[in-house]
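Enquirer: Everything below, folded, please.
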Amino acid sequence: MKNRRAVIIGAGPAGLTAAYELLTKTDIQPIVLEKSEYMGGLSRTVNYKGNRIDIGGHRFFSKSERVMSWWLQILPLEASEKGSVAIKYHRMERMVHSSPSGPNPASEDRAMLLRPRKSRIYYMRRFFDYPITLSKNTLLQLGLWRTLRIGISYVKSATFPLKEERTLAQFFINRFGKELYNTFFKSYTEKVWGIPCDQISAEWGAQRIKGLSVRATLAHAFRKIMHRGGGGDIRQKDTQTSLIEQFLYPKFGPGQMWEEVARLVKEKGGEIRTAYSVNKIVTEGWRVKSVEATNTATGMQETFTGDYFFSTAPIQELIRSFDVAPPPNVVETSEGLVYRDFITVGLLVNSLKIHDQTPRGNKLISDNWIYIQEPDVLVGRLQIFNNWSPCMVANPAHVWLGLEYFCNESDRIWNLSDEDMAALAKEELSKIGIIDPAEVIDSTVLRMEKTYPAYFGTYDRFAEIRQHVDRYENLFLVGRNGMHRYNNQDHSMLTAMMAVDNIIAGITDKSNLWEVNTETDYHEEKQDA
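Expert: Coordinates of the predicted model:
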């Protein structure tokens with residue numbers, strides 16, 4: 001494999017992982033072509049006046065030993081004076097072995113933090129646990145009549161489940177009952193996708209919910225009472241992802257991970273070119289020969305030849321780039337794929353109107369994320385960046401918020417000016433009682449295209465695209481947009497790792513890449529969960 005080259009489209013988690021794996025395991029030299037100026041793709045961190053924004057929120061947790069070890073090799077776990085750290089979740093405790101000589105985040109930047117996880121649902125101007133628990137607080141806030149309706153509805157769905165489970169609505173109803181679905185899932189999910197849940201494939205639920213259900217919640221509550229589950233490590237293999245209460249997080253946000261990987265890639269001899277937009281895939285038979293890309297800063301066009309090619313670009317862009325047009329059915333399916341776009345509004349405020357009550361008085365709420373289930377506002381999720389890492393906010397006396405909006409480029413809010421978008425964000429948080437607009441100090445607006453590959457449109461015909469593109473033996477589709485699959489960061493990394501494994505083993509079949517985030521191991525759960 002001497003003197004061979006791999007051309008990688010995109011410097012997100014999948015693209016940079018592929019480059020790093022090639023450099024550390026083969027003699028293949030990678031060159032990464034990134035359209036923007038930033039590393040990390042959807043996992044980048046934006047620095048606004050010293051206040052950092054995590055676009056979408058990225059908890060560093062995986063059931064994959066390989067991914068966990070990879071992360072901690074790049075950014076070591078923060079030091080513990082005792083040489084180990086206790087991870088507590090749902091009254092269970094496990095020890096994570098760390099080194100007392102590990103990095104001290106107070107003085108060293110290259111550090112992975114261990115952070116508490118808390119997410120809640122905001123509905124009826126009240127907080128509910130997420131995932132939903134049958135706690136006294138939940139029952140009191142829902143009220144007796146609504147609780148009875150939820151219970152009856154769940155028993156009905158558990159006893160007589162819908163035989164067909166083709167849509168996301170059917171998926172939710174079978175697991176939670178129609179009443180709980182309408183109360184806690186429907187509004188938020190339809191904010192995310194912009195269409196009714198009965199028009200979305202159930203496959204999205206299978207990939208994202210990963211087995212969480214009322215039964216799983218009850219079983220977990222029973223295990224809490226029995227006080228089982230000690231032993232283990234940070235990978236927490238016997239706990240559903242949605243029930244985990246601690247996670248790893250880089251000191252300066254997820255972008256720090258990918259900036260560090262990019263530095264190592266270049267240090268090891270790889271190339272990373274920013275501001276390069278790929279516009280043509282040149283083929284010869286069922287092999288890719290080269291890609292043509294334009295430097296958007298200079299307008300110059302350049303051809304990059306290679307022996308292997310990795311694409312994390314959106315499928316539509318890839319299909320449009322082939323020099324030999326794919327069959328009409330493949331083009332039609334590609335053009336019918338749908339993406340949801342994403343806006344984050346950063347609001348810097350003096351204080352919030354909502355607080356956590358403690359014996360010592362009120363303090364900043366401890367949530368990382370709040371799911372806004374209120375149907376009378378457009379905002380879908382709220383991040384409190386202070387709680388992801390203290391280093392995400394320049395002045396700890398301030399509260400740094402991220403309001404998340406899901407939309408299409410054709411929507412009115414996408415085309416609002418930054419000033420109007422920030423004004424909308426302030427108005428909505430004020431309306432639902434979270435802030436006083438007079439407390440807002442500063443704001444910024446970020447727009448990200450094609451953040452969420454959608455499970456509707458022509459998605460049900462996606463196999464036609466896969467069958468065609470997989471015939472190119474030296475072309476590997478990896479990552480979220482590269483595979484049009486709502487993968488987490490670790491799943492995207494695994495597809496890149498396995499593609500490199502295939503190259504080393506001389507495997508041209510791509511089936512194992514498409515199995516990531518569909519098989520049991522990648523669902524982050526066990527068969528008996």
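
Enquirer: hey, let's count contacts and neighbours off CA atoms from now on
Expert: Noted.

Enquirer: how near is Asn350 to Val282?
Expert: In this view, Asn350 and Val282 are 54 Å apart by C-alpha to C-alpha, to the nearest Å.

Enquirer: and Gly506, how many neighbours does it have?
Expert: 9 (other C-alpha atoms under 10 Å).

Enquirer: Spatially, which residue comes closest to Cys391, not counting chain neighbours?
Expert: Leaving out its chain neighbours, the residue that sits closest to Cys391 by C-alpha to C-alpha, 6 or more residues apart in numbering is Phe252, at 6.0 Å.

Enquirer: what number of residues lie near the one you found?
Expert: Quick note: Phe252 (other C-alpha under 10 Å) scores 26 neighbours.

Enquirer: for it, helix, strand, or coil?
Expert: Secondary structure assignment for Phe252 (DSSP: H, G, I helix; E, B strand; the rest coil): coil.

Enquirer: now Phe247
Expert: Phe247 - assigned by three-state DSSP - is strand.

Enquirer: Now do the contacts for the residue nearest to Cys391.
Expert: Applying C-alpha atoms under 8 Å, 6 or more residues apart in numbering to Phe252 gives the contacts Thr45, Arg52, Asp109, Ser389, Cys391, Met392.

Enquirer: picking up where we left off before, okay, Asn350 and Val282: which has more neighbours?
Expert: Val282 (18 against 15).

Enquirer: Rounded mean pLDDT for the helix or strand that contains the more buried one, please.
Expert: Assigned by DSSP states H and E, Val282 belongs to strand 276-284. Computed over strand 276-284, the mean pLDDT rounds to 97.

Enquirer: Could you list the residues in contact with the helix or strand just after it?
Expert: Using DSSP H and E, the helix or strand that directly follows strand 276-284 along the chain is strand 287-295. Outside strand 287-295, the residues within contact range by C-alpha under 8 Å, 6+ apart are 275-283, 300-309, 472-475.

Enquirer: For ChimeraX, write a command that selects the buried ones of those.
Expert: Buried residues among the contacts of strand 287-295 (16 or more other C-alpha atoms under 10 Å), as a ChimeraX selection:
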select :275,276,277,278,279,280,281,282,304,305,306,307,308,309,472,473,474,475
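
Enquirer: Surely Thr444 is in a strand?
Expert: Yes: Thr444 sits within a strand when classified using three-state DSSP.

Enquirer: Pull up the gap between the residue nearest to it when sequence neighbours are not counted and Lys49, please.
Expert: Among residues not flanking Thr444 along the chain, Gly346 sits closest, at 5.1 Å (C-alpha to C-alpha, 6+ apart). Distance of Gly346 to Lys49, given as C-alpha to C-alpha: 11 Å.

Enquirer: what's the answer for Phe462, then?
Expert: 42 Å.

Enquirer: Between those two, which is the more surrounded one?
Expert: Phe462 (17 against 8).

Enquirer: Check which residues of stretch 197-207 are buried.
Expert: For stretch 197-207, the neighbour count (16+ other C-alpha under 10 Å) marks Cys197, Ile200, Ser201, Ala202, Glu203, Trp204, Gly205, Ala206, Gln207 as buried.

Enquirer: Compute the inter-axis angle for whichever helix or strand Lys266 is part of and strand 246-250.
Expert: Using DSSP H and E, Lys266 falls within helix 254-267. Helix 254-267 runs at 50 degrees relative to strand 246-250, counting by axes from the mean of the first three to the mean of the last three C-alpha atoms, to 10 degrees.

Enquirer: Packing partners of helix 254-267?
Expert: Applying 3 or more C-alpha pairs under 8 Å, 6 or more residues apart in numbering; DSSP states H and E, one finds that helix 254-267 makes contact with helix 13-25, strand 45-48, helix 65-74, strand 271-274.

Enquirer: can you rerun that using 10 Å?
Expert: helix 13-25, strand 29-34, strand 45-48, strand 51-54, helix 65-74, strand 246-250, strand 271-274 (3 or more C-alpha pairs under 10 Å, 6 or more residues apart in numbering; DSSP states H and E).

Enquirer: Out of the ones you listed, flag the one nearest Trp369.
Expert: strand 51-54 (11.5 Å; C-alpha to C-alpha).

Enquirer: Touching the closest one from outside, list them.
Expert: 42-47, 252-255, 344-346, 348, 383-386, 388-389, 391-395, 400-402, 444, 446 (C-alpha atoms under 10 Å, 6 or more residues apart in numbering).

Enquirer: and those residues, which are buried?
Expert: Burial by neighbour count, 16+ other C-alpha under 10 Å: within these this picks out 42-47, 252-255, 344-346, 348, 383-386, 388-389, 391-394, 400-402, 444.

Enquirer: what ranges do the helices span in the stretch 51-200 of the chain?
Expert: 65-74, 136-142, 144-159, 168-176, 178-184, 186-193 (DSSP state H, counting those that start in this stretch).

Enquirer: Buried deepest among the ones you listed, which one?
Expert: Most buried of the helices of the stretch 51-200 of the chain, by mean neighbour count (mean count of other C-alpha atoms under 10 Å): helix 168-176, with a mean of 23.

Enquirer: by how many degrees do that one and helix 186-193 diverge?
Expert: Interaxial angle of helix 168-176 relative to helix 186-193 (the same axes, to 10 degrees): 140 degrees.

Enquirer: pLDDT weak spots in the chain?
Expert: Applying pLDDT under 70 to the chain picks out residues 1-2, 82-97, 133-134, 207-244, 519-529.

Enquirer: mind checking how far Phe304 is from Val278?
Expert: To Val278, Phe304 is 10 Å away according to C-alpha to C-alpha.

Enquirer: if we can go back for a sec, may I see the helices and strands packed on helix 254-267 organised as JSON lines, with distance to Leu144 added?
Expert: Listed next are those as JSON lines, based on distance: least, C-alpha to C-alpha, whole Å:
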{"stretch": "helix 13-25", "distance to Leu144": "47"}
{"stretch": "strand 29-34", "distance to Leu144": "55"}
{"stretch": "strand 45-48", "distance to Leu144": "44"}
{"stretch": "strand 51-54", "distance to Leu144": "39"}
{"stretch": "helix 65-74", "distance to Leu144": "44"}
{"stretch": "strand 246-250", "distance to Leu144": "33"}
{"stretch": "strand 271-274", "distance to Leu144": "58"}
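
Enquirer: With that, I have no additional questions.
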